[in-house]
Structures are given as structure tokens and as C-alpha cells.
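# compute the structure for the input listed below.
(one chain, ligands or ions: 2)
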Amino acid sequence: MLIKNKKRSDCSENEVTDQSVYLNRRQFMKVTGGAALGLSFGNAFAALQSGNPLAPPQALQNPFQNIAETTYGKGETPAPYDVATSYNNFYEFGYGKDDPAKKSGSLETRPWSITVEGEAEVTGVFDLDDIIKEAALEERIYRLRCVEAWSMVIPWVGIPLADVLKKFKPTSKAKYVYFETLHDPKQMPGQRGGSIDWPYREGLRMDEAMNPLALLSVGMYGSILSNQNGAPVRLVLPWKYGFKSIKSIVKIRFVEKMPTSTWMMLAPNEYGFYANVNPEVDHPRWSQKEERRLPSGVLFPNVIETEMFNGYQEEVADLYAGMDLKKNF
Ligand SMILES: Nc1nc2c(c(=O)[nH]1)N[C@H]1C(S)=C(S)[C@@H](COP(=O)(O)O)O[C@H]1N2
Ligand SMILES: [Mo]
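Ligands and ions are numbered 1, 2, ... in the order given. Here you go, the predicted model:
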């Protein structure tokens with residue numbers, strides 16, 4: 001076993017867009033430069049004072065046998081661990097940026113099964129540890145750009161998604177792959193109310209899923225994933241807006257038709273299927289030309305220009321050759 005858990009702890013899609021989700025996104029834009037950001041800077045500062053800002057807590061350290069180093073993101077400065085684990089989007093635990101850290105302790109991450117179904121030769125229910133047992137874990141330092149115009153650099157631990165998907169032998173009918181997050185209101189308090197039609201859903205075109213950049217992540221900062229970051233297993237798709245990087249995955253389905261994601265269901269005019277980072281295509285309610293790179297606070301706003309495909313053009317531009325990226329946003 002590669003992972004040891006050290007210590008551990010409705011509305012339908014045609015109803016109007018979820019007001020509370022809207023509100024939350026709008027409120028977020030309003031506080032930009034305000035108190036919330038001072039807070040994340042405060043966390044970074046506390047982490048810097050407490051020793052190594054890139055180290056997870058003692059109880060979580062070194063659960064993996066081997067993590068291969070890669071060149072991805074060498075030279076980038078990762079966000080302090082405390083920032084990456086205290087400023088999150090994970091609506092299953094609430095809409096506030098600090099809700100996931102406060103409320104995700106109730107998530108049981110072992111044992112964890114993933115159901116694989118649809119257009120593939122190998123389908124069924126698999127234990128996560130069996131899926132990753134023979135896989136080689138890699139560290140990849142990636143930029144994560146949220147559609148809300150903030151970003152951070154995170155050192156992930158994971159397996160190329162292609163390596164995992166190939167094991168299930170998708171058939172020629174598998175044109176897309178669809179993912180679902182756990183749906184369990186007992187463990188996920190955010191699912192007890194609100195108007196998102198749970199579970200959280202996402203999808204990729206097959207060639208996107210097979211792109212070498214796509215990572216199935218089981219860890220961060222050399223350790224396991226924190227619950228608020230999507231434990232025990234999530235996607236990381238660094239050329240796409242953060243919402244495509246679905247957390248706490250329990251279902252993988254190979255399909256013929258383009259699946260509908262949670263954000264497409266909520267606001268199809270604002271969140272498309274592709275959701276590639278693109279400074280030329282503004283969100284209907286705000287610009288995507290710039291981003292706040294966290295840690296960022298009132299005194300150090302740290303605003304940088306957003307890059308096409310979040311700077312990963314070389315790796316992924318071919319996937320979209322000839323496509324109108326304004327239409328296919
Ligand atoms: N299941 C689920 N996955 C999710 C989300 C969510 O609310 N639920 N939020 C997304 C968004 S909007 C972002 S920006 C990233 C944030 O990842 P992080 O908290 O690890 O930085 O997770 C994505 N994955
Ligand atoms: Mo996001």
C-alpha cells in the first residue's frame with residue numbers, strides 16, 4: 001500500500017441559477033483587496049514564523065514510499081501550506097473560503113471506492129488503494145487559476161490521469177469521461193441545503209483527459225491531500241479554471257456524449273464545458289485578464305497577468321487547434 005493514513009482523523013438544472021452561489025461569487029469579487037485577503041496573508045505570515053511554510057503538519061508527513069521528482073513547475077514558488085489549506089472552494093462544505101477547512105473534518109477518506117462504468121472493458125467498483133497501488137507517484141508543481149481570478153501554486157502528488165484511465169480500457173465509443181464527487185450529506189454539510197443539484201459533476205473530452213498534464217492527485221506538499229483540498233483523490237487540470245479540478249471523486253464514467261458539469265447546470269452562459277484559462281474571454285461579470293496570486297493581502301496585492309491556458313500553451317494548445325475558443329469557452 002502506497003498510502004498510509006497516519007492520523008485521522010435541490011433545485012433542478014432548469015431552475016434559475018442558484019442565487020446563493022451567485023451571491024457568493026459576487027461577494028468574493030467585492031472583498032477583493034479587503035479583509036478576506038488580509039487573512040490569507042496573515043496565515044502565510046504565521047506559517048513563515050512557525051518554521052517551514054511548505055511543510056504539512058507533523059502528523060501528516062511522509063505517508064508515501066516514493067514520490068518521483070519531475071520538472072513541472074521547478075522554479076515556481078508554492079503557496080505556504082497554510083494558505084493552500086485555508087482558502088478553498090469546496091461547496092460540499094459551505095460557500096465561504098474558510099468553510100472547507102473548518103467543516104471537512106467529518107469526511108471519511110478510507111476506505112474509499114471508485115465506481116468505474118460506461119464505455120470501457122474494465123468496469124466495476126475499485127478500492128482507491130488498489131487503483132494507485134502499482135502506479136508511480138509523481139510530484140508536480142502546478143499553477144491553479146480559479147475562475148474567480150485568484151491563483152496559487154501547489155505542489156501536488158499524483159498519477160498521470162491517462163495511466164489510470166488506460167487501465168480500464170475505454171472503448172472506441174468513449175469520447176468523453178465524466179466524474180462525480182461523493183454525495184453524502186452526513187459527511188458533507190453543504191449538501192444538506194442550498195440549491196446545487198448534487199453530486200458535483202465534471203467532464204473532459206477523452207484527449208484532454210489523456211493529456212500528460214492531467215493529474216489524478218492523491219497528495220500535496222509531499223503528503224496526503226487535506227480533506228479541504230479534495231481528499232482522498234481529485235483531478236488537477238492546470239490549464240483549466242479550478243472548478244474543473246473535481247474533488248473527492250467516487251465515480252468515473254466513460255461516455256459517448258459531452259457530459260454536463262455542475263457549473264454548466266448552474267449558469268451555462270458563464271461556465272462552459274471547456275473552461276480553459278483564457279485572458280481574452282472575460283467572465284460575463286468580470287475580467288479574466290489578471291489574477292491575484294496568493295498569498296496576497298492588502299499590503300501586497302500581488303496581481304499578475306493571466307496567461308493563455310494558464311501558461312501551459314505548449315502542452316495543450318494542440319487539443320484546441322481550429323476551435324473557436326470564444327464560443328467553446
Ligand atoms: N467537488 C468539488 N470539487 C471542486 C469544487 C467544489 O466546490 N466541489 N470547487 C472547485 C473550485 S471552484 C476550485 S478553484 C478548486 C479549488 O481547489 P483547492 O481548494 O484545492 O485550491 O476546486 C474545485 N473542485
Ligand atoms: Mo474556482
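
# give me the pLDDT for Gln58.
Predicted confidence (pLDDT) at Gln58: the value is 79.

# counting neighbours, what do you get for it?
Gln58 is flanked by 9 other residues according to other Cβ atoms under 10 Å. In short, each C-beta sits where N, CA and C put it, glycine included.

# can you pull the contacts of it?
If a contact means Cβ atoms under 8 Å, 6 or more residues apart in numbering, then Gln58 has no contacts.

# kindly report the residues of the protein close to ligand 2.
Within the chain, the positions lying close to ligand 2 (Cβ under 5 Å from the ion) are 89, 146, 242-243.

# which ones are touching Gly219?
3, 63-64, 67, 137, 156-158, 225.

# equivalent analysis for Lys251, please.
114-117, 178-180, 199.

# before we move on, what about Glu315?
Counting by Cβ under 8 Å, 6+ apart, Glu315 touches 211-213, 239, 309.

# out of those residues, what pair is the most spread apart?
Farthest pair in those (Cβ to Cβ) is Pro212 and Phe309. Separation: 13.9 Å.

# quick one, which of the two is more surrounded?
Taking neighbours as other Cβ under 10 Å, Pro212 and Phe309 compare with Phe309 leading, 22 against 12.

# looks like that one contacts Ala317 (just checking).
Yes: using Cβ atoms under 8 Å, Phe309 is in contact with Ala317, at 6.5 Å.

# what is in contact with these two at once?
With Cβ under 8 Å, 6+ apart applied, the contact sets of Phe309 and Ala317 do not overlap.

# in this protein, what residue lies closest to ligand 1?
In the chain, the residue that lies nearest ligand 1 is Gly242 (2.5 Å; Cβ to the nearest ligand atom).

# just give me the neighbour total for the residue lying closest to that residue once chain neighbours are set aside.
Distance criterion Cβ to Cβ, 6 or more residues apart in numbering; nearest residue to Gly242, sequence neighbours excluded, is Cys146 at 4.1 Å. Neighbours of Cys146 under the rule other Cβ under 10 Å: 20.

# can you check Lys244 too?
For Lys244, the count of nearby residues is 26 (other Cβ under 10 Å).

# and it, what is it in contact with?
Contacts for Lys244 (Cβ under 8 Å, 6+ apart) come out as 202, 204, 235, 237, 261, 275.

# can you give me the helices in the stretch 51-200 of the chain?
Taking DSSP state H, counting those that start in this stretch as the test, the helices found in the stretch 51-200 of the chain are 81-84, 99-103, 128-133, 161-167.

# kindly reformat those helices as JSON lines containing mean neighbour count and mean pLDDT.
Below are the helices of the stretch 51-200 of the chain laid out as JSON lines (neighbours: other Cβ atoms under 10 Å; pLDDT from 0 to 100):
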{"stretch": "helix 81-84", "mean neighbour count": "24", "mean pLDDT": "96"}
{"stretch": "helix 99-103", "mean neighbour count": "20", "mean pLDDT": "98"}
{"stretch": "helix 128-133", "mean neighbour count": "17", "mean pLDDT": "90"}
{"stretch": "helix 161-167", "mean neighbour count": "19", "mean pLDDT": "97"}
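
# tell me who's in contact with the closest residue to Asn227 other than its chain neighbours.
Nearest residue to Asn227 in three dimensions, chain neighbours excluded: Ser104, at 3.7 Å (Cβ to Cβ, 6+ apart). If you count contacts by Cβ under 8 Å, 6+ apart, Ser104 has them with 90, 93, 226-228.
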